[in-house]
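Student: A structural model of the following input is requested.
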Amino acid sequence: MADTWPPEPFDIAFARFKELDAWWAGDTQTLSEIYSGRGPQTHIVNGRSFRGGVLGTLSKWWWGQPVEVDEQRMKMHLPLAADLCTLSSDLLFGEAPQVLFRKPDSAETPAADADESKTVTKWRHQAQDRLDAIIGTDEAHAEMLLLGEYAAALGGSYFAVAWDPTVSDHVFPKAYAADCAIPTFRYGRLASVRLWSEYRDGNEVFRLVETHEPGTIEYALYRGTEKTLGALVPISSRPETAHYEQLRNESDLAVAIANPGALPLSVRIGTGSDRLAVVYMPNARPVRDWRKLGPLANLGRSDLDGIQDLLDKVDQVWSSLMRDVDNGQGRLIIGEDALELSGKPGEGAKFDTYRQVFTAVGAALGKSADGSALVDQVQFDIRVQEHLETFEGLLRRIASTIGYSESHLGIDDGRGAMTATEVTADLSDSERTRDKKALYARAALSKWALVALEIDKAVFGGDGDLGDLTVAPDVVFAPVSQADPEKLTRIAALQEGIASLKERVRTMRPDWDEDDLDAEVKAIQDEKSAAAALIPDPGTFDGGDQSDDEIDQAKQ
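Tutor: Numbers count the residues shown, from 1 in each chain. I've put the predicted structure just below:
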């Protein structure tokens, strides 16, 4: 392992991560350093290094323009980048996805009992209850929201299986941002990864590095600097990492008893699963200028990548509007005759803003002795409309570039109140983008669920068999714009006569599984049969001693 950290070629990726993180976190000092040319390289094209989010002359970037030390220039940052990353996570994980095992085709539904009063047991995977306890909690949902925001900001994030019997009786998810990982990909799939956490002590940087490979995890603590990994030190050197000593296996403990000096500094454990205990969730693909850079080609693309220049202009326009607000505050230019001496030499003069009458010797009414006004007012216009129109134009361009609906960025098209159909259409861009991101999220969460169940079984045991884990569970995301129930009802009614009852129920309940659909169909058929039984057969009315009116009343 090279001492330089991060190792090549990931130094290029981490320079980009630093730029994206600065926009996400609103770190204007780092933005100024990067765009003024003092920051690290973020692009390599034809062997030449480039800094910043786009190629070209950075002097045109607003955040890259130098400001003199004694100059009070209005520079404000609008946290639009943070809002975009939060929006992405909310669209994907605002409502917790369902992670569930689908009923396989080979599974048999339990036959109905002759006693109809007994409830028929619905098919359920043997591991579903344990999976719900692991991934169906509020804590897991909160970690997914963090996973989504990391991915939107830096292009991807990692979801690891973590466990600690002192804090939880089952495994749980832990999200890592892309700037805390060095991955290895094979055929575009994550094969191994080094994750780390940093602990700083002055100029020293301690890094707890977790090397994840299929079936094993190695924990090692290094003491280095900002740019070097440094030397391997005992994992108990930091109070934050000392508890990893408890994970040592029996062979390590035997070595410690026989020869304490031979005890490895790192801690290596088996996970109880042949799978990798970490999954990678890209935000989007590809990173356009990394697609030929080997190890970087499989990393994901941030929502902020490619719009840095637009974000820079947003801050410039917003700062210009705020400068107009400052300049719009009325200023008074005061003639010397309107100033009052303090009475003491060297203490200057002052102006009483509440005084109503001023007198200058030898001057006409309202004029000073030299003919100028005693008090002049300077008031600049606040160009609100011009700035807001420019600002809205930038927002529209950003929305189009990253694939979000304009309404999600707070742009009002002036249509006023909209119908449910218009709302759905208005959110369609965001929904398409969310659905594309859900492809990556669905694959990552599905893989994570399998390895989490296997590690949970190995660490915490438990009664019973987990059942068949060769088929991954399904991950169901809630729609961005909920379907209009009235519209679905009309569609189902139009299907009568050309579609089965089950298909019409499926139209109304697209999120139900086969067992739920079958149960609803049976309930509808039972209700129809019960209602039909209450209607007498018209053939039973043979006249008899009943009048025609009585027969008609009975038929009704």
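Student: quick one, helices of the protein?
Tutor: 10-25, 28-35, 80-93, 128-135, 138-154, 250-258, 308-327, 384-402, 420-426, 428-460, 485-494, 501-508, 514-533, 548-555 (DSSP state H).
Student: do you know which of those lies nearest Thr184?
Tutor: Nearest of the helices of the chain to Thr184, taken as Cβ to Cβ: helix 10-25 at 10.9 Å. C-beta coordinates here come from the backbone N, C-alpha and C atoms, glycine included.
Student: report the buried residues of that closest one.
Tutor: Neighbour counts over helix 10-25 (16 or more other Cβ atoms under 10 Å) mark 10, 12-24 as buried.
Student: and for Arg124, the neighbour number?
Tutor: 13 (other Cβ atoms under 10 Å).
Student: repeat for Ala127
Tutor: By other Cβ under 10 Å, neighbour count at Ala127 equals 24.
Student: adding distance to Asp179 and mean pLDDT, write the helices of the chain out as JSON lines.
Tutor: Listed next are the helices of the chain as JSON lines, based on distance: least, Cβ to Cβ, whole Å; pLDDT from 0 to 100:
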{"stretch": "helix 10-25", "distance to Asp179": "4", "mean pLDDT": "95"}
{"stretch": "helix 28-35", "distance to Asp179": "13", "mean pLDDT": "90"}
{"stretch": "helix 80-93", "distance to Asp179": "14", "mean pLDDT": "95"}
{"stretch": "helix 128-135", "distance to Asp179": "25", "mean pLDDT": "94"}
{"stretch": "helix 138-154", "distance to Asp179": "6", "mean pLDDT": "97"}
{"stretch": "helix 250-258", "distance to Asp179": "32", "mean pLDDT": "67"}
{"stretch": "helix 308-327", "distance to Asp179": "17", "mean pLDDT": "87"}
{"stretch": "helix 384-402", "distance to Asp179": "20", "mean pLDDT": "91"}
{"stretch": "helix 420-426", "distance to Asp179": "35", "mean pLDDT": "48"}
{"stretch": "helix 428-460", "distance to Asp179": "18", "mean pLDDT": "94"}
{"stretch": "helix 485-494", "distance to Asp179": "44", "mean pLDDT": "63"}
{"stretch": "helix 501-508", "distance to Asp179": "44", "mean pLDDT": "79"}
{"stretch": "helix 514-533", "distance to Asp179": "43", "mean pLDDT": "81"}
{"stretch": "helix 548-555", "distance to Asp179": "78", "mean pLDDT": "54"}
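Student: quick one: closest of those helices to Val267.
Tutor: Once these are compared by Cβ to Cβ, helix 250-258 is nearest, at 7.5 Å.
Student: now do Ala175 against Ala127, distance only.
Tutor: Between Ala175 and Ala127 the distance, using Cβ to Cβ, to the nearest Å, works out to 23 Å.
Student: my bad, should have said Ser236
Tutor: Taking Cβ to Cβ, one finds Ser236 at 36 Å from Ala127.
Student: can I get stretch 202-213 as CSV, trimmed to CA atoms?
Tutor: Extracted C-alpha coordinates of stretch 202-213, given in CSV (Å, rounded to 0.1, in the frame of the first residue of the first chain):
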residue,chain,number,x,y,z
GLY,A,202,-3.3,18.3,15.7
ASN,A,203,-1.3,17.6,12.5
GLU,A,204,-1.6,13.9,12.9
VAL,A,205,-4.4,12.0,11.2
PHE,A,206,-5.4,8.6,12.5
ARG,A,207,-7.3,6.5,9.9
LEU,A,208,-9.2,3.3,10.8
VAL,A,209,-9.1,1.4,7.5
GLU,A,210,-11.6,-1.4,6.9
THR,A,211,-10.5,-3.7,4.1
HIS,A,212,-13.6,-5.6,2.9
GLU,A,213,-13.2,-8.7,0.8
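Student: can you give the distance of it from its chain's centre?
Tutor: Stretch 202-213 sits 25 Å away from the centroid of its parent chain (Cα atoms, centre = their mean, to the nearest Å).
Student: and stretch 100-108, by the same measure?
Tutor: Worked out by Cα atoms, centre = their mean, stretch 100-108 lies 32 Å from the chain centre.
Student: find the nearest non-adjacent residue to Asp5, please.
Tutor: No, residue 5 isn't Asp; it's Trp. Leaving aside its chain neighbours, Trp5 sits nearest to Leu229 (4.3 Å; criterion: Cβ to Cβ, 6 or more residues apart in numbering).
Student: my guess is that neighbour contacts Asp3. True?
Tutor: Yes. The criterion here is Cβ atoms under 8 Å, and Leu229 meets it with Asp3 at 5.5 Å.
Student: between the two, who's got more neighbours?
Tutor: Between Leu229 and Asp3, counted using other Cβ under 10 Å, Leu229 has the larger neighbour count: 21 against 13.
Student: state the distance from the more buried one to Ser192.
Tutor: 17 Å.
Student: take the helices of the chain and lay them out in JSON lines including distance to Ile182.
Tutor: Below are the helices of the chain laid out as JSON lines (distance: least, Cβ to Cβ, whole Å):
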{"stretch": "helix 10-25", "distance to Ile182": "6"}
{"stretch": "helix 28-35", "distance to Ile182": "22"}
{"stretch": "helix 80-93", "distance to Ile182": "23"}
{"stretch": "helix 128-135", "distance to Ile182": "27"}
{"stretch": "helix 138-154", "distance to Ile182": "14"}
{"stretch": "helix 250-258", "distance to Ile182": "25"}
{"stretch": "helix 308-327", "distance to Ile182": "24"}
{"stretch": "helix 384-402", "distance to Ile182": "27"}
{"stretch": "helix 420-426", "distance to Ile182": "42"}
{"stretch": "helix 428-460", "distance to Ile182": "18"}
{"stretch": "helix 485-494", "distance to Ile182": "48"}
{"stretch": "helix 501-508", "distance to Ile182": "46"}
{"stretch": "helix 514-533", "distance to Ile182": "44"}
{"stretch": "helix 548-555", "distance to Ile182": "81"}
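Student: what does stretch 310-320 contact?
Tutor: Applying Cβ atoms under 8 Å, 6 or more residues apart in numbering, the contact partners of stretch 310-320 are 23, 35, 61-63, 74-78, 80-81, 304, 387, 390-391, 394-395, 397-398, 401.
Student: now the buried members of those residues.
Tutor: Neighbour counting over these (16+ other Cβ under 10 Å) leaves 23, 35, 61-63, 75, 77-78, 80-81, 304, 387, 390-391, 394-395, 398 as the buried ones.
Student: the lengthiest strand in the chain pairs with which strands?
Tutor: For the chain, the strand with the greatest residue count under DSSP state E is strand 189-201. Strands that pair with strand 189-201, judged by DSSP bridges, come out as strand 181-186 (antiparallel), strand 204-213 (antiparallel).
Student: to Asp516, which of those strands lies closest?
Tutor: strand 204-213 (38.1 Å).
Student: what comes up buried for that closest one?
Tutor: 205-213.
Student: done for today, thanks.
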